[in-house]
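Trainee: no sequence on this one, just coordinates:
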């Protein structure tokens with residue numbers, strides 16, 4: 001079984017991270033992290049956000 005993850009964009013640093021599935025739900029209403037756009041998938045990611 002593969003772990004699921006989501007990619008998020010850090011609006012403060014401009015980095016893209018792979019975060020655990022449900023990360024955006026867990027952090028609630030904020031403006032620092034947003035889901036990446038389709039065009040950002042090709043940019044890779046800069047690190048992981050673990051639970």
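Mentor: The structure has been received and is ready for your questions. In this text the structure is predicted, and so the values were computed from the model without any measurement.
Trainee: where do the helices sit along this protein?
Mentor: Ranges of helices within the chain are 23-27, based on DSSP state H.
Trainee: ok, the spatially most central residue of it to residue 28 distance?
Mentor: Residue closest to the mean C-alpha point of the chain, counted by C-alpha atoms, centre = their mean, is residue 8 at 1.9 Å. In this structure, residue 8 and residue 28 are 14 Å apart, going by C-beta to C-beta, to the nearest Å. Every C-beta, even on glycine, is put in place using the N, C-alpha and C of the backbone.
Trainee: repeat that for residue 12.
Mentor: The gap separating residue 12 from residue 28 is 17 Å, by C-beta to C-beta.
Trainee: hang on, the earlier thing: is the residue nearest to the centre of the chain bridged to anything, and to what?
Mentor: Beta-bridge pairing for residue 8 (DSSP bridges): residue 17, residue 35.
Trainee: burial of the closest residue to residue 47 other than its chain neighbours, as a residue count?
Mentor: Closest residue to residue 47 apart from its sequence neighbours, by C-beta to C-beta, 6 or more residues apart in numbering: residue 17 at 5.4 Å. Per other C-beta atoms under 10 Å, the neighbour tally for residue 17 reads 19.
Trainee: let me know the pLDDT of residue 17.
Mentor: Listed pLDDT for residue 17 reads 98.
Trainee: how close does it get to residue 50?
Mentor: 10 Å.
Trainee: next: residue 5.
Mentor: 10 Å.
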